[in-house]
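**Q** got a predicted model here, sequence first, then my questions.
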Amino acid sequence: MNDAVDGGAAFEDPGFEDPVFEDTAFEETLFKDPAFEQVGFDEGTAGRKDAAAKEAERRAEALEAVLAAPADLPSWLRPLATAVQRLEPGWLGFQPRVRTLPGEPRRSAVLILFGGAEGETRPDILITERAATLRAHAGQPAFPGGRIDPEDPGPVHAALREAQEETGVDPASVSVFGRLPEIYLQPSDFMVASVLGWWHTPSPPRVVSPLEVAAVHRVSVAELTDPGNRLRVRHPSGYSGPAFHADGMLVWGFTAGLLDAVLRLGGWERPWDRDRLEDLPEEVNALAVRSSSIRPADQRPFAAGSDGSDGGK
């Protein structure tokens, strides 16, 4: 798993149609993604032909993953599938930092995996806890995910592969029904793609890689949306962002920022006290600082707090 894509990275590095989506703007957005830029093609150069063929395969796999939303997607997930097709500026709820470095960023992907069949009264989301011994973001909540390797056809494949390596989730048990736009995490120079999946045939979650993952949780959407479990936390740098108390964890940073957006897009968000602001617990911050080589003042990937403020300073 890539060290830059996890729950605390936010402080260090942010109508459904069956059976397919028919939003051409969404498809155009996909192909404007630099990860899918067309390779230059010269008919007289075999190497470029091979590169173009590989790129075509990547494009096909990515588009198929986006379009192949299952006809039996549960009704409770369809509002989210619809919202993902029609995202507007500001969908994330705050302004991510803009990349200004030369060259191409590194790319990674996470899997936001929903469990629960049609009629499910307590659907859930898969969240891991990173091992406390890791050199980056130790002990922090995270979505399964990591770096997009050269062998990966694209973000969807990478997210599913990482989830299997970390938690044992069988890729065949997941139906991908959308992707969120990439989010830039500044200090690590990562562009992170978030893949949305429905776990139609779930299995008991387990720790496959104890060197990376300490625990695996299926956290109910009801627990995440409970107003009593919602707050904002303030990092010593001054940055503040959304957070959740869930299943014995404090979910904060990049993972919490994505959760906040997804719950809102899916129509599950309930009114909560946005003025509830607490300092990041000392033990959590100490673990994050110990496992990080980034200066605390740089541990903010976003231009402002989740509410558009300067983090309460």
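**A** Perfect, thanks for sending it. Numbering: from 1, shown residues only.

**Q** helix/strand/coil for Glu88?
**A** coil (DSSP: H, G, I helix; E, B strand; the rest coil).

**Q** now do it, the pLDDT please.
**A** pLDDT, Glu88: 87.

**Q** kindly report the same for Glu37.
**A** The model's pLDDT for Glu37 equals 31.

**Q** kindly report the same for the one 3 residues further on.
**A** At Gly40, the model reports a pLDDT of 31.

**Q** for burial, what's the neighbour tally of Arg97?
**A** 17 (other Cβ atoms under 10 Å). Every C-beta, even on glycine, is put in place using the N, C-alpha and C of the backbone.

**Q** oh, that last question was meant for Arg264, not what I typed.
**A** Quick note: Arg264 (other Cβ under 10 Å) scores 16 neighbours.

**Q** need the nearest residue in space to Trp91, chain neighbours excluded.
**A** Ala261 (6.4 Å; Cβ to Cβ, 6 or more residues apart in numbering).

**Q** which residues does that neighbour contact?
**A** Ala261 makes contacts with Trp91, Leu92, Gly93, Leu180, as judged by Cβ atoms under 8 Å, 6 or more residues apart in numbering.

**Q** now the helices for the stretch 201-313 of the chain?
**A** Here the stretch 201-313 of the chain has its helices, by DSSP state H, counting those that start in this stretch, at 221-225, 253-265, 282-290.

**Q** compare those helices and give me the one nearest Asp247.
**A** Nearest of the helices of the stretch 201-313 of the chain to Asp247, taken as Cβ to Cβ: helix 221-225 at 6.8 Å.

**Q** by contact count, what packs against that closest one?
**A** If you count contacts as 3 or more Cβ pairs under 8 Å, 6 or more residues apart in numbering; DSSP states H and E, helix 221-225 packs onto strand 124-130, strand 240-246, helix 253-265.

**Q** which parts of that helix are buried?
**A** Judged by neighbour count using 16 or more other Cβ atoms under 10 Å, the buried positions of helix 221-225 are Val221, Glu223, Leu224, Thr225.

**Q** what does stretch 231-251 give?
**A** 231-235, 237, 239-244, 246-247, 249-251.

**Q** can you check which of the helices and strands packed on helix 221-225 gets nearest to Leu87?
**A** Closest to Leu87 of the helices and strands packed on helix 221-225 is helix 253-265 (Cβ to Cβ; 7.9 Å).

**Q** that closest one to strand 124-130, inter-axis angle?
**A** Helix 253-265 and strand 124-130 are oriented at 170 degrees to each other (axes from the mean of the first three to the mean of the last three Cα atoms, to 10 degrees).

**Q** and the average pLDDT for helix 253-265 is what?
**A** Helix 253-265 comes out at a mean pLDDT of 94.

**Q** how many other residues sit next to Arg106?
**A** The burial count for Arg106: 14, using other Cβ under 10 Å.

**Q** next one: Thr100
**A** Residues lying near Thr100 (other Cβ under 10 Å) number 7.

**Q** please begin residue numbering at 49 from this point
**A** Sounds good: first residue 49 from here, last item Thr148.

**Q** quick one: secondary structure of it?
**A** Per three-state DSSP, the secondary structure class of Thr148 is coil.

**Q** so who does it touch?
**A** Thr148 touches nothing, counting by Cβ under 8 Å, 6+ apart.

**Q** for it, give me phi and psi.
**A** Taking degrees, to the nearest 10, you get phi -120, psi 0 for the backbone angles of Thr148.

**Q** now do the one 4 residues further on
**A** Taking degrees, to the nearest 10, you get phi -100, psi 140 for the backbone angles of Glu152.

**Q** what's the burial count for it?
**A** Around Glu152 there are 12 residues (other Cβ under 10 Å).

**Q** kindly report the same for Ala263.
**A** Neighbours of Ala263 (other Cβ under 10 Å): 18.

**Q** how far away is it from Thr273?
**A** Applying Cβ to Cβ, to the nearest Å, the value for Ala263 to Thr273 is 22 Å.

**Q** pull the longest strand from this protein.
**A** strand 222-233 (DSSP state E).

**Q** run me through the strand neighbours of the helix or strand following that one, direction for each.
**A** Using DSSP states H and E, the helix or strand that follows strand 222-233 in sequence is strand 238-247. Partners of strand 238-247 in the sheet, by DSSP bridges, are strand 154-163 (parallel), strand 222-233 (antiparallel).
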